[in-house]
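K.L.:
I need the structure of the sequence given here:
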Amino acid sequence: MADSGRLTPSSRVAFTHPNFVLLQLARFTVVIGTEMQSVAVGWQIYEITRIKLDLGLVGLAQFLPGLLLFLVSGHAADRFDRRRLLIACHLGFAICFALLLWQAIHGVRSVIPIYAVLVLIGVVRSFSGPVTRAILPQVVPDEHFPNAVAWAASVFQSATILGPALGGVVYTVGRGPAAVYATAMASSLAAVLFTMRIQLESKPRPREEINLQTVLAGVRYIWRQKLVLGSMSLDLFAVLLGGAVALLPVYAQDILKTGPWGLGLLRCAPGVGATLMAALLAHRPLKRGMGAILLWTVGAYGVFTILFGVSRSLVLSMLALVLVGASDMVSVIIRATFLQLGTPDEMRGRVNAVDMIFIGSSNQLGQFESGVTAQWWGTVPAVIVGGVGAIAVAGFWGRLFPELRKAQDVRDLRT
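P.N.:
Coordinates of the predicted model:
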């Protein structure tokens, strides 16, 4: 028997599939670009206006397109060639970063053009999210899929670590956002090249008519599956209330008194925790008590958010954010495995589009909520109240969805 303290070949089995490797390289590079851009945009907007609410509007500008387009984007992921659609999305990101670069070079001092580009980024993201997740089961066999989910999450979080840190450094060295946007554009173009080399082997999907019934198929599927509905909505409300990412520029500048480099470190800290947790779950997958673990980790997410809110030390703040990312990763792994394996391939795009709305609501809309509450109550009280809210949601959801609380393993989630 292999030493349990080391990664065994079976724990890395997803990387034996070349198309999985190419897909993760593409995802890694494009996420680095988007994360770098988010650091530059946040710092640039707050530097221009010094208004906390404007940071919340960054999330809202990127969330609304997804809310309006999720039915269309999900159907597109099921109807059209997924590889070509993903290539188009990566090109779309590159074009958006080029527009931000143009604005930075020309010294645009109004936030309105920046928000306009963020809306375009939201449009691209609304298509890229469902198609990226729908492709994953096509590059690995079902028996290796849970391992692929864990490693894909680890790759994604690794990019969220490197991206913000690199963005902060490039912003500082380049003395402005232009160098950041140029690097982000190059990263997106690299993602295009990786995706072009992917060769999908998939069964032909039925050509369904475009009507209200087929478009809403993903919504109906999730509504019938109470366990997945419970896990998705739990993540939605917990992160919606407990998210503090939008306020990191305020913490970096006004509370912790750091520069863009400090903001980059804070932005990457949750990714560190999430990456470590994803690697741990790849080596030691969850087997029993999954529902209870999910609820407890959401409660822990709220506790660590409160710790970050009251911290005045950069080191303690980073540690709290690392623990926030680690606890959040548990729900990501459980939900993704069930959605992908339990959903027929011909409707994975639509189901994932609905899930992306839940994720977008918790992330981008959560940024807006954080900006509004910080404007009303102050930065620190807003983060603390959000953490308390996440703890309350975990307790309430345990009662609202008893099936979730009692779920033991993945087989229970498939019933």
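
K.L.:
check which helix or strand the spatially closest residue to T275 that is not a sequence neighbour maps to.
P.N.:
With CB to CB, 6 or more residues apart in numbering as the criterion, T275 has its nearest non-adjacent residue at 4.0 Å, and that residue is Q157. Yep, even glycine has a C-beta here, placed from its N, CA and C like the rest. Using DSSP states H and E, Q157 sits within helix 145-173.

K.L.:
tell me the buried residues in that helix?
P.N.:
Within helix 145-173, the residues scored as buried using 16 or more other CB atoms under 10 Å are 145-172.

K.L.:
in the stretch 151-300 of the chain, which spans are helices?
P.N.:
Along the stretch 151-300 of the chain, the stretches classed as helices by DSSP state H, counting those that start in this stretch are 178-196, 212-215, 217-224, 226-242, 248-250, 260-283, 290-310.

K.L.:
tell me which of the ones you listed is the most buried.
P.N.:
helix 248-250 (a mean of 27; mean count of other CB atoms under 10 Å).

K.L.:
from the contact counts, what lies against whichever strand or helix holds R83?
P.N.:
Taking DSSP H and E as the definition, one finds R83 inside helix 82-105. If you count contacts as 3 or more CB pairs under 8 Å, 6 or more residues apart in numbering; DSSP states H and E, helix 82-105 packs onto helix 18-49, helix 111-139, helix 178-196.

K.L.:
looking at these, which is closest to S73?
P.N.:
S73 sits nearest to helix 111-139 of all the helices and strands packed on helix 82-105, at 4.5 Å, using CB to CB.

K.L.:
what's the angle between the closest one and helix 217-224?
P.N.:
Counting by axes from the mean of the first three to the mean of the last three CA atoms, to 10 degrees, helix 111-139 lies at 70 degrees to helix 217-224.

K.L.:
ok now stretch 280-288, how far from the chain's centre?
P.N.:
Its chain's average C-alpha position is 21 Å from that of stretch 280-288, according to CA atoms, centre = their mean, to the nearest Å.

K.L.:
which stretches of the stretch 151-300 of the chain have low pLDDT?
P.N.:
By pLDDT under 70, the low-scoring segments of the stretch 151-300 of the chain are 201-218, 242-244.

K.L.:
my read is that T160 contacts G271, right?
P.N.:
Yes. Taking CB atoms under 8 Å as the definition, T160 is a contact partner of G271 at 3.5 Å.

K.L.:
can you count the residues close to H75?
P.N.:
H75 has 22 neighbouring residues, counting by other CB atoms under 10 Å.

K.L.:
let me fix that: G107
P.N.:
Residues near G107, counting by other CB under 10 Å, number 8.

K.L.:
what's the answer for the one 3 residues further on, then?
P.N.:
Summarising burial for S110: neighbours were counted as other CB under 10 Å, giving 10.

K.L.:
also R109?
P.N.:
As a burial measure, R109 scores 10 neighbours (other CB under 10 Å).

K.L.:
now the helices for the stretch 301-415 of the chain?
P.N.:
Residue ranges of the helices in the stretch 301-415 of the chain, as given by DSSP H, counting those that start in this stretch, are 314-342, 348-360, 366-377, 379-400, 402-406, 410-413.

K.L.:
among those, which is nearest R83?
P.N.:
For the helices of the stretch 301-415 of the chain, proximity to R83 was assessed by CB to CB; helix 348-360 is nearest, at 13.1 Å.

K.L.:
could you give the mean pLDDT of that closest one?
P.N.:
For helix 348-360, mean pLDDT rounds to 69.

K.L.:
can you pull the contacts of the nearest residue to S187 once chain neighbours are set aside?
P.N.:
Among residues not flanking S187 along the chain, G33 sits closest, at 3.5 Å (CB to CB, 6+ apart). Applying CB atoms under 8 Å, 6 or more residues apart in numbering, we find G33 in contact with 93-94, 97, 163, 183-188, 191.

K.L.:
next one: G33 from P381, what distance?
P.N.:
Here G33 is placed at a distance of 34 Å from P381 (CB to CB, to the nearest Å).

K.L.:
quick revisit: of all the helices and strands packed on helix 82-105, which lies closest to L234?
P.N.:
Nearest to L234, of these and by CB to CB, is helix 111-139 at 18.9 Å.
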